[in-house]
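Chemist: Test case, fold it:
(chains A and B)
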Amino acid sequence: MSAPAGATAGSTAAVSSADGSLGQVPGTLQQALLLSRYQFRDYLRSRRFILMMGIVAVVGAILTSIVAYYRPAALIDNANDFFGGLWAGGATFLILFAGIIFGGDAIAGEFQNKTGYFLMGLPVKRTTVYAGKYLAVLAASIVAMVVYLVILMGNAVFYLGGNAFSDLPALLASIGLALLYLLALMGFVFLFSSLFKTSLYAVLVVAVMFLFGFSIIQDVIVALAHTEPWFMLTYADGVIAYPLTGVPEHIGRVVGPGGGSSTVYNPTYLEGIVVMLGYFVGTTLGGLLLFEREQFT
Amino acid sequence: MAPSLEAVGLTKRFGTFTALDHLNLKVEGSKCVGFLGPNGAGKTTTLKMFTDLIFPSEGEAFINGVSVQVDRKRALSSCGDLIETPEIYSSLTPREALEMSGALRGMSADEIRDRTAQVIDEVKMTEWADHKVGRFSKGMKQRINIAAALLSDPEVVILDEPSTGLDPRGMAEVRSIVRGLKRDGRLIFMSSHILSEVVDVCDEVALLDRGKLLFYDSLENVSHRLGADTRTVEAEFSAALDDSAVGPIATLPGVKSCTRLAPNRLSLGVQGGPAEQSKLLEAIAARHLGLVSFHEARSALEEVYLREISVGDA
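Modeler: Predicted coordinates for the structure are as follows:
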């Protein structure tokens, strides 16, 4: 090997804490917020956002039509029954779709689509990119939830008039729990998105697990192990409806048509909130750890 | 402090395959350094470690003395880079993408606005500045990526085959842009396997093959490396030459080989440098055979490149 001219073929290590200047480079949080703003703008203009809005519109239209046609007394009797029947179930469904549509490829897409090469060449920490994308996905999902909520509120005002918001604190509490579920689910989605470098795998795994996998596991645990599946996110999300519907019996028995009975479990508030928080913290940190170690090969 | 890039024992292994083997290289000062090597030599692997896209198996990479592996944010704050062909979020416009890039670098709104207009103009994308990137061709995207790398007027610019994906006109424009980037206080480190591009814009070259640094030298010194080696010269004539004309040329002083490339074109192996070539040119011209052109078939860099790489192959 020839000796370099005009420069040394570095046998001396540079000092890593030398006076390289950060200049005015913003802090991690500020960068994350900046990044999320542009990512959110990208989402708002994307086909996936139109798809998500389409799903919200279809769900809203179906519910509106059903209520208009059947006018079920159990729903249109009071505000809590109305929102308890339509908000909680619809919200968890929409949050799942928002997770799949916005979050599934959030990290995997950075590798697959090579957008990561643009971002990671900037003076940003990987944590910044992860947090920025997480915030953008949350924001886009919240927009979808708000639109769904507005559709329900329109219906509520139509059927209940001035009584539509007679128990606003209960509705707000339920919305708060739905947001906690959103945080937890997105943490989970980001974990899988960080695990794969191919968006399709991440999306498929999340969709299959949440649409079928968890339900099956939950049923098996209850039926065969006779154990409360308190650790399942899809079980914990049951608390979203509680502020509106009231808290059901934690462990109950249901008698079937043949006279046989089975045990029914319902999460307590504490279980639901702690499990959702646990999923949020655990999966978000896990996903971040994976992303920190992933390489753009 | 002069801008610098330094690799210290930089090594990258993928399983049992060593892509980069203990690279020790320090480039420093206001200059443009070409990072050469055949496909798979380890050029992009090196640049990816300089930008923390991949992590070294051993060693460290430093930008302006700051370890990329220890503090990527600080290290990259004075560096603009273009690795492979990055994609920009498809629903953003070039102006928005550059705004984002500038904001993340901490540039003020005024700076971002002015510099965005300037760099977009430099890469000749002004009329596309407010169109969504998703509709752009690969070449157009690459221009925007170059603009993004230059946005903050960085001290260190790392370019990984910047003319990739561009048409001949685009390639010429990129060369012109890179030449225009050379200024006091800026170090440009550019990988390429297009030797003419390197000769055109670089001051120094580092040659890498199979993960090992073969040499790092100035372009000027590269021709000295050839020394009294044989260079290949092509001579073209206005009409076909018969054997009675070719024979005497093959025996002229300094001619080590003579091959007919076409009825009117010869490839001559010539011992020596420009002085010997000049004498040979005069001797052939004196024979009045209708000589219309006489030039080196390959640049000195190309000769050295092929020689060094073939040594590696052997």
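
Chemist: need the helices for the stretch 151-300 of chain B, in chain order.
Modeler: B:168-181, B:195-201, B:219-226, B:243-250, B:274-285, B:300-313 (DSSP state H, counting those that start in this stretch).

Chemist: hmm, I was thinking of the stretch 101-250 of chain A
Modeler: Using DSSP H, counting those that start in this stretch, the helices found in the stretch 101-250 of chain A span residues A:108-112, A:115-119, A:126-160, A:168-195, A:199-208, A:214-225, A:233-236, A:242-245.

Chemist: nearest to A:Thr263, of these?
Modeler: Closest approach to A:Thr263 among the helices of the stretch 101-250 of chain A is made by helix A:214-225 (6.9 Å; CB to CB). Quick note: C-beta positions are derived from backbone N, CA and C, even for glycine.

Chemist: And the contacts of the closest one?
Modeler: For helix A:214-225, contacts defined as CB atoms under 8 Å, 6 or more residues apart in numbering or on different chains pick out A:Thr227, A:Glu228, A:Pro229, A:Met232, A:Leu233, A:Thr234, A:Tyr235, A:Ser262, A:Thr263, A:Tyr265.

Chemist: Strands - which of these land there?
Modeler: Counting by DSSP state E, those place A:Ser262, A:Thr263, A:Tyr265 in strands.

Chemist: Got a quick PyMOL command for the buried subset of the residues you listed?
Modeler: Buried residues among the ones in strands among the contacts of helix A:214-225 (16 or more other CB atoms under 10 Å in any protein chain shown), as a PyMOL selection:
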select buried, chain A and resi 265
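
Chemist: Dump the ones in strands among the contacts of helix A:214-225 to CSV, plus distance to A:Ser199 and pLDDT.
Modeler: Output for these, formatted as CSV (distance: CB to CB, whole Å; pLDDT from 0 to 100):
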residue, distance to A:Ser199, pLDDT
A:Ser262, 40, 82
A:Thr263, 40, 86
A:Tyr265, 35, 92
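
Chemist: could the ones in strands among the contacts of helix A:214-225 be laid out in TSV, adding distance to B:Asp209?
Modeler: Output for the ones in strands among the contacts of helix A:214-225, formatted as TSV (distance: CB to CB, whole Å):
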residue	distance to B:Asp209
A:Ser262	71
A:Thr263	70
A:Tyr265	66
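
Chemist: A helix includes B:Arg131, no?
Modeler: I think there's a mix-up here, since residue B:131 is His and not Arg. No - B:His131 is assigned coil when assessed by DSSP: H, G, I helix; E, B strand; the rest coil, not a helix.

Chemist: how close does it sit to chain A?
Modeler: Going from B:His131 to chain A by CB to the nearest CB, to the nearest Å gives 12 Å.

Chemist: Please give me every residue in contact with that residue.
Modeler: B:Thr93, B:Pro94.

Chemist: again, only using 10 Å
Modeler: By CB atoms under 10 Å, 6 or more residues apart in numbering or on different chains, the contact set of B:His131 is B:Thr93, B:Pro94, B:Arg95, B:Met125, B:Met140.

Chemist: Mark which of those are part of helices, please.
Modeler: Counting by DSSP state H, the part of the contacts of B:His131 found in helices is B:Pro94, B:Arg95, B:Met140.

Chemist: Surely the last one and B:Val133 touch.
Modeler: Yes - counting by CB atoms under 10 Å, B:Val133 is a contact partner of B:Met140 at 8.2 Å.

Chemist: Need the residues touching each of these two.
Modeler: Common contact partners of B:Met140 and B:Val133 (CB under 10 Å, 6+ apart): B:Pro94.

Chemist: returning to what we had before: pick the one among the ones in strands among the contacts of helix A:214-225 closest to chain B.
Modeler: Here the nearest of the ones in strands among the contacts of helix A:214-225 to chain B, counting by CB to the nearest CB, is A:Tyr265; it sits at 43.8 Å.

Chemist: hang on, the closest one packs against A:Gly252?
Modeler: Yes - the pair A:Tyr265 / A:Gly252 is scored as a contact, 8.1 Å apart, by CB under 10 Å.

Chemist: From the opening residue of stretch A:189-201 to its closing one, how far?
Modeler: Start and end residues of stretch A:189-201 are separated by 11 Å (CA to CA, to the nearest Å).

Chemist: ok, back up a step: could you export the ones in strands among the contacts of helix A:214-225 as CSV, including distance to chain B?
Modeler: What follows is the ones in strands among the contacts of helix A:214-225, written out as CSV (distance: CB to the nearest CB, whole Å):
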residue, distance to chain B
A:Ser262, 50
A:Thr263, 50
A:Tyr265, 44
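
Chemist: Nearest to A:Leu35 among the ones in strands among the contacts of helix A:214-225?
Modeler: Closest to A:Leu35, out of all of the ones in strands among the contacts of helix A:214-225 and judged by CB to CB, is A:Tyr265, at 41.2 Å.

Chemist: Tell me, please, where in the stretch 1-150 of chain A the pLDDT is lower than the cut-off.
Modeler: For the stretch 1-150 of chain A, applying pLDDT under 70 flags the ranges A:1-23.

Chemist: run the last query once more with 50
Modeler: The stretch 1-150 of chain A contains residues with pLDDT under 50 at A:1-22.

Chemist: Please identify the helix or strand for the closest residue to A:Ala131 other than its chain neighbours.
Modeler: Leaving aside its chain neighbours, A:Ala131 sits nearest to A:Ala32 (3.9 Å; criterion: CB to CB, 6 or more residues apart in numbering or on different chains). Assigned by DSSP states H and E, A:Ala32 belongs to helix A:28-44.

Chemist: The residue nearest to B:Leu306 when sequence neighbours are not counted: neighbour count?
Modeler: Excluding the flanking residues, the one nearest B:Leu306 by CB to CB, 6+ apart is B:Arg298, at 7.3 Å. For B:Arg298, the count of nearby residues is 16 (other CB atoms under 10 Å in any protein chain shown).

Chemist: A:Val247 against A:Glu271, yeah?
Modeler: No - applying CB under 10 Å as the test, A:Val247 and A:Glu271 come out as separate, 11.2 Å apart.

Chemist: Those two: who's more crowded?
Modeler: Per other CB under 10 Å, whichever of A:Val247 and A:Glu271 has more neighbours is A:Glu271, with 19 against 14.

Chemist: Quick check: which element contains the more buried one?
Modeler: Per DSSP H and E: A:Glu271 is located in helix A:269-293.

Chemist: Can you mark which positions in that helix are buried?
Modeler: For helix A:269-293, the neighbour count (16+ other CB under 10 Å) marks A:271-273, A:275-276, A:279-280, A:283-284, A:286-288, A:290-291 as buried.

Chemist: Against which helices or strands is it packed?
Modeler: With contacts taken as 3 or more CB pairs under 10 Å, 6 or more residues apart in numbering or on different chains; DSSP states H and E, helix A:269-293 sits against helix A:126-160, helix A:168-195, helix A:233-236, helix A:242-245.

Chemist: Just the buried residues of the second one, please?
Modeler: Going back to what we said before, that points to helix A:168-195. Buried-residue list, helix A:168-195, by 16+ other CB under 10 Å: A:170-171, A:173-175, A:177-195.

Chemist: Same question for the first one.
Modeler: If you call a residue buried by 16+ other CB under 10 Å, then helix A:126-160 has these buried ones: A:126, A:128-145, A:147-149, A:151-153, A:155-156, A:159-160.

Chemist: from the chain's centre, how far out does it sit?
Modeler: Between the centre of helix A:126-160 and the centre of its chain there are 10 Å (CA atoms, centre = their mean, to the nearest Å).

Chemist: picking up where we left off before, turn the helices of the stretch 101-250 of chain A into CSV, including distance to B:Gly102.
Modeler: Shown next, in CSV, are the helices of the stretch 101-250 of chain A (distance: least, CB to CB, whole Å):
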stretch, distance to B:Gly102
helix A:108-112, 20
helix A:115-119, 13
helix A:126-160, 15
helix A:168-195, 27
helix A:199-208, 28
helix A:214-225, 43
helix A:233-236, 40
helix A:242-245, 45
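
Chemist: for the residue lying closest to A:Leu290 once chain neighbours are set aside, what are its contacts?
Modeler: Among residues not flanking A:Leu290 along the chain, A:Ser194 sits closest, at 3.9 Å (CB to CB, 6+ apart). Contacts here follow CB under 10 Å, 6+ apart; on that basis A:Ser194 touches A:106-108, A:110-111, A:130, A:202, A:283, A:286-294.
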